[in-house]
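Undergrad: Next input, structure requested:
(chains A, B and C)
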Amino acid sequence: MTANDKGPVTNRRNILFGVGAAGGVLAAGLGKAMSAERRNEQVTDAPVSDNTRQRQPFYGTHQAGIITPRPAAGMIAAFDVLATAPEDVERLFRTLSQRIAFLMQGGEPPVFDDKLPPSDSGILGPLVPPDNLTMTVSLGSSFFERRDWLAPHKPARLSRMKAFRNDALDADLCHGDLALQISSNTPDTNIHALRDIIKTMPDLLVLRWKQEGSVPVLPPKPDGSHESARNFLGFRDGSANPDANNTALMDRIVWVTENSDEPAWARAGTYQVVRIIRNFVERWDRTPLGEQERIIGRNKATGAPFSGATEHDVPDYSKDPEGTVTPLDAHIRLANMRTHASEANLILRRPFNYSNGVSKSGQLEQGLLFICYQADLEKGFITVQHQLDGEPLEEYIKPIGGGFFFTLPGPLDDSDFLGRTLLEAAGHAVTRVRS
Amino acid sequence: MSHSAGSASPRPASQRLMHLAVVGAAALVVAGGVAFYYASKGARQGVAGDAITVTIKDGVCDPNTITVAAGPATFTIVNKSDRALEWEILDGVMVIEERENIAPGISQTLQAKLKPGDYEITCGLLNSPRGTLHVTPSAASDAEAARPALRAYLGPLAEFQVFLVTQANSLVKVTQALDGAIRAGDLEKARQAYQSARTPYKQIEPMADQFADLHNTIDPVADFLERREQDPAFTGFHRIEYGLYTDKRTAGLEPYSAKLLADVTALKDRIRGMRILPEQIARGAQRLVASMAATKVAVGVDHYAQTDLADFDANIAGVSRMMTLLKPVAMTAAPQVVADIEARLTDIDNALKSLRGPDKFPAYDSVNGDSRKALSQKMQALADAIGKFNAAVGLE
Amino acid sequence: MQLKLRMSASLFALSIAVLPGAALAEVSPLDLVQPIADYKIYVSENSEKLVTDTKAFTDAVKAGDVEKAKSLFGSTRMSYEAIEPIAELFSDLDGSIDSRADDHEMAEKDPEFTGFHRIEYGLFEKNSAEGLAPVADKLMVDVTELNKRIADLTLPPEKVVGGAAVLMEEVAATKISGEEDRYSHTDLWDFKANFDGSRKIFDLVRPLIEKDEAAFVTKVSANFDAVDTTLAKYRTTDGYQLYDKLSEDDRKLLAAAVNTLAEDLSTLRGKLGLN
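TA: Numbering: from 1, shown residues only, chains lettered A, B, ... in the order given. Got it, this is the predicted structure:
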């Protein structure tokens, strides 16, 4: 299927990109003409964006969606896996890989006889755009523990998430055998991808819970610089994230490498932590600005730490041992103490904001779909969260769900598939055939 | 707000103004303090005499490394380059002080009040290598950095108020029992009530300066009255003590116990509305302990019941409570003073414990001169330690 | 120094004139000593009452007297609910005394689920005191410990003043729906205690702002009165009717009042110069 579609879609993409680029130039020069043309637009016309053609590569050493810049829409869907026998697990991994390869590439789903249900939900039209989609597959500890033949191969630090001090976990929003992180430019693309997976593998996967999220879009800055997006507390989130373009740094912080004591099959994978963190936004909005800033440890407007002028200035806590500038219990200080030792606890965050509905008490169910990646789950998230235990921010947030997962290494090329190294390590012979 | 006030991050104009206002207000306070300091220590030279000259030529500061003591410092900037320049003292990205537009060949002075730390100085153009300014701690900077804000005393003051109210309530309750026992003619019960009533009163006593009139009718000692026990001003606790222990009867004490009850009730109401200032806590404690060291321990005050040790114990419990409440405020500013006070209190506690029998304190007339002298000295040491408190936390 | 002084003085004057913050009433920290001392006494009285009431309640539970224990449940909780802003400063005790099933991953079956609501679950949901004796013992130990810790605690002033709003926030966020006492439906007892606790704080600091913030004081008082009037409709001889008797109109009225109070009382700290 992929082979059939790849050619034309690639061509179309190239053509379309050409038009898109020219269109951009035109738009810049012909603002008036554009607005004149807009008069013909209709209420229900689809919003238009060139970004639907953006595409991320599925194949590579690492899965996409980890150091990939975070797009505007994200989702975590956690599944229970029905497959138990090695051949069924292989079928799961292969099918997942095929579907993800197609969805990330984009193209035309096959057309069936119209007496049959269509092959695709059709919500993105007959030609599925890539729309910057990534789908990242991770496994929970239960996936290994419930399969005797896989249990010995569980990543060394993979555990079932335990409640931290401030957690009020809802069992219906926790854990899972398999987590799918879906991100793209639009919520509809993510939903399309999820429905594809659910439709394709009903005998292998049962949806356990899902949480969607978003990130506010900013206009480009004239100088080309970037700013971190804001969370639902109104603060920039991610200012201190390690540089995802620094390969050596990512090898140290994010990826399992040959230097680690993890099983060999897990190299190039990473630990994924998902937390659904409810924010009590009404109460937060009723908190004095000064206190909000002290709780977080940053200026709300600029995102700068108290000892700096811009978001990316690095606070030097050694000059402030008593917390007169940045309180000792400020969120950013507890999360990252900026010492040599705390380098070992760095994590790569990739969170989304979520907004679900209204609580029984009539308050907004909003918060952060926290997602982070690290090479060492214990030194990474678990240590950082323990440092945060008891922070003043706890009064305004309540983690209610999530889980710990291990993100599989990437499929190297189209003869490879997700999870192959694990199956091989478990003694299940697989063949690599170019599809 | 104080945290964000220290931030150099761009803020709305109003917030920057607030920042300046805070700095300005601090400068005012400090200026006052400095003026006082120089007036009192006239021997030292004025600030202007200590001006540090920095000559800037070809993008280099001379000297390029400056060391000054924390506090106000004056810099004379001499521009020997051929361009107008500005001179700045920088703390990271924050400008601490600056003098702009110093014309070639001109010198300008700049005054800065510096906190201890390492700063950079600019030397001509923006890209000229910067010099270093080391500011070393000084006694004045230590004291200032350490001075807790008035707000920090709010919690301890409130808690102290609760303590006083609680003791006063208990004082009224036990005095009611005392009055009742006297009116019922029950000598034994009256003696017990008398002793119970002393404890809350003695715990409040460090604040007696705040209610001197009531203190004079509640707790006068015959020694200081012209006609001693026969003096009409001989009222209150000791008058009742005199009746219960010397005359060994309750008869005739009714007016005194009624008056005492009225007085302690008035005291309770007064305490309820009393506005205590932070400096009055250590001051009151110091005065009481000093008076114990000077006379009370030597001669005693409970001449008839000889229950002085129990009084001392309650006095010290009150003082201890007061200083414990102040501890969190003073821990950063004056850890040594706090530790010293705690050590002295423990010392006295141990001394009292060693004098105490298995279930109660012995009669004071059984405590010999040497023991009294040793206890006096410990009281004096405590009074001295507490005497340093207010100065150490900037309350004087 | 001369120049600097003049500059500073004028800047200071300017800032007073233009800052919105300058509109806040001038309250000296020392003015707050009395209200905070009074509040400490209020808290201590309540925590002592909590110990006494919990003793009677847990004795009934341990004696297996389900009916008596049920009848004491609502009133016993009130002294805890009234002082929640202080009680919850001790998060370990707050968790073991007052956590709800949904604070725990395994909900009612979670071994960490203890305290009032665990006993409530047994008494009202299962109509039995079976297996509750150890939970009752633990609750008694915990409230005794709480009382002791409160006695030793120097109240943080901002927690006291902020507590007025915190109580309203808690009602608004997780109580107005009736999910607090989901087995016994004695939520109105809790509401009453929460409102009283909040109003106590407001009344204590009220004299400090009455002059400068007359409109604010009037509005807040009126909302507290509205709550009182509404709750009074549900009074019974010995307490309050069950939550399910609360009419939809009154629930909305309470919800609106609690949100307005939360909104208004959130400015109380700032008005009193506490940040």
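Undergrad: and B:Gly105, how many neighbours?
TA: 10 (other CB atoms under 10 Å in any protein chain shown). Just so you know, the C-beta spots here come from the backbone N, C-alpha and C atoms, and that holds for glycine as well.
Undergrad: That one sits in which helix or strand?
TA: Assigned by DSSP states H and E, B:Gly105 falls within no helix or strand.
Undergrad: same check, this time on A:Phe370
TA: strand A:364-374.
Undergrad: Just the helices from the chain, written as ranges.
TA: No chain specified, so I'll use chain A. With DSSP state H as the criterion, chain A has helices at A:2-29, A:31-38, A:86-105, A:141-145, A:187-200, A:247-253, A:281-285, A:289-296, A:331-335, A:383-388, A:420-425.
Undergrad: my question was about chain C
TA: Under DSSP H, chain C gives helices at C:2-18, C:33-62, C:66-82, C:84-87, C:91-98, C:115-120, C:133-152, C:157-170, C:187-209, C:214-232, C:248-265, C:268-271.
Undergrad: coming back round to it: is there proximity between the strand holding A:Phe370 and chain C?
TA: No - figure legend: strand A:364-374 not in contact with chain C (CB under 8 Å from any CB of the partner chain); closest approach 10.3 Å.
Undergrad: what does stretch A:176-190 give?
TA: No - using CB under 8 Å from any CB, stretch A:176-190 stays clear of chain C, with a minimum separation of 14.1 Å.
Undergrad: Mind putting the helices of chain C into TSV with mean pLDDT and mean neighbour count?
TA: Output for the helices of chain C, formatted as TSV (pLDDT from 0 to 100; neighbours: other CB atoms under 10 Å in any protein chain shown):
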stretch	mean pLDDT	mean neighbour count
helix C:2-18	37	14
helix C:33-62	97	21
helix C:66-82	97	22
helix C:84-87	93	24
helix C:91-98	92	18
helix C:115-120	97	24
helix C:133-152	97	17
helix C:157-170	93	25
helix C:187-209	96	22
helix C:214-232	96	15
helix C:248-265	93	18
helix C:268-271	91	20
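Undergrad: Could you export those as CSV, including distance to chain B?
TA: Compiled in CSV, the helices of chain C are given as follows (distance: least, CB to the nearest CB, whole Å):
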stretch, distance to chain B
helix C:2-18, 3
helix C:33-62, 4
helix C:66-82, 18
helix C:84-87, 12
helix C:91-98, 20
helix C:115-120, 28
helix C:133-152, 10
helix C:157-170, 5
helix C:187-209, 11
helix C:214-232, 21
helix C:248-265, 19
helix C:268-271, 10
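Undergrad: and the helices of chain A, which one's lowest on average pLDDT?
TA: The minimum mean pLDDT among the helices of chain A belongs to helix A:2-29 (a mean of 40).
Undergrad: who in chain A is up against chain B?
TA: Residues of chain A lying near chain B (CB under 8 Å from any CB): A:290, A:293-294, A:299, A:301-302, A:304-310, A:313, A:316, A:319, A:322, A:324-327.
Undergrad: Now with 6 Å, please.
TA: Within chain A, the positions adjacent to chain B are A:290, A:293-294, A:299, A:302, A:304, A:306, A:309, A:325 by CB under 6 Å from any CB of the partner chain.
Undergrad: Once you drop chain neighbours, what's closest to C:Met168?
TA: C:Ala262 (3.9 Å; CB to CB, 6 or more residues apart in numbering or on different chains).
Undergrad: correct me, but the one you found touches C:Glu169?
TA: Yes - using CB atoms under 6 Å, C:Ala262 is in contact with C:Glu169, at 5.2 Å.
Undergrad: Tell me, what's the model's pLDDT at residue 125?
TA: Going with chain A. For A:Gly125, the predicted pLDDT is 95.
Undergrad: that's the wrong chain, I wanted chain B
TA: B:Leu125 is given a pLDDT of 71.
Undergrad: What sits closest to it if chain neighbours are left out?
TA: Spatially, and ignoring its direct neighbours in sequence, B:Leu125 is nearest to B:Gly59 (6.0 Å; CB to CB, 6+ apart).
Undergrad: if I pick the one you found, what's in contact with it?
TA: For B:Gly59, the contact set (CB atoms under 6 Å, 6 or more residues apart in numbering or on different chains) comprises B:123-125, B:128.
Undergrad: Go again with 10 Å.
TA: B:81, B:83, B:85, B:122-125, B:127-129 (CB atoms under 10 Å, 6 or more residues apart in numbering or on different chains).
Undergrad: Kindly report the same for C:Ala63.
TA: C:Ala63 touches C:69, C:129, C:133, C:136, counting by CB under 10 Å, 6+ apart.
Undergrad: what about the nearest residue to B:Arg198 once chain neighbours are set aside, helix or strand, and which?
TA: Distances taken as CB to CB, 6+ apart put B:Asp311 closest to B:Arg198, at 5.9 Å, once the chain neighbours are dropped. Assigned by DSSP H and E, B:Asp311 falls within helix B:308-330.
Undergrad: Same check on B:Ala381?
TA: Going by DSSP H and E, B:Ala381 is in helix B:369-387.
Undergrad: And that helix, what's buried?
TA: B:372, B:375-376, B:378-387 (16 or more other CB atoms under 10 Å in any protein chain shown).
Undergrad: Where does pLDDT dip in chain B?
TA: B:1-49, B:93-94, B:126, B:140-146 (pLDDT under 70).
Undergrad: in chain B, which spans are helices?
TA: B:2-5, B:13-40, B:139-146, B:154-184, B:187-204, B:212-218, B:236-241, B:254-273, B:278-291, B:297-299, B:308-330, B:335-355, B:369-387, B:389-392.
Undergrad: Now distance to A:Leu169 too, for those, in JSON lines please.
TA: Shown next, in JSON lines, are the helices of chain B (distance: least, CB to CB, whole Å):
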{"stretch": "helix B:2-5", "distance to A:Leu169": "33"}
{"stretch": "helix B:13-40", "distance to A:Leu169": "40"}
{"stretch": "helix B:139-146", "distance to A:Leu169": "45"}
{"stretch": "helix B:154-184", "distance to A:Leu169": "36"}
{"stretch": "helix B:187-204", "distance to A:Leu169": "49"}
{"stretch": "helix B:212-218", "distance to A:Leu169": "60"}
{"stretch": "helix B:236-241", "distance to A:Leu169": "62"}
{"stretch": "helix B:254-273", "distance to A:Leu169": "49"}
{"stretch": "helix B:278-291", "distance to A:Leu169": "46"}
{"stretch": "helix B:297-299", "distance to A:Leu169": "63"}
{"stretch": "helix B:308-330", "distance to A:Leu169": "36"}
{"stretch": "helix B:335-355", "distance to A:Leu169": "43"}
{"stretch": "helix B:369-387", "distance to A:Leu169": "52"}
{"stretch": "helix B:389-392", "distance to A:Leu169": "49"}
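Undergrad: A:Leu205 is nearest to which of those helices?
TA: helix B:2-5 (49.2 Å; CB to CB).
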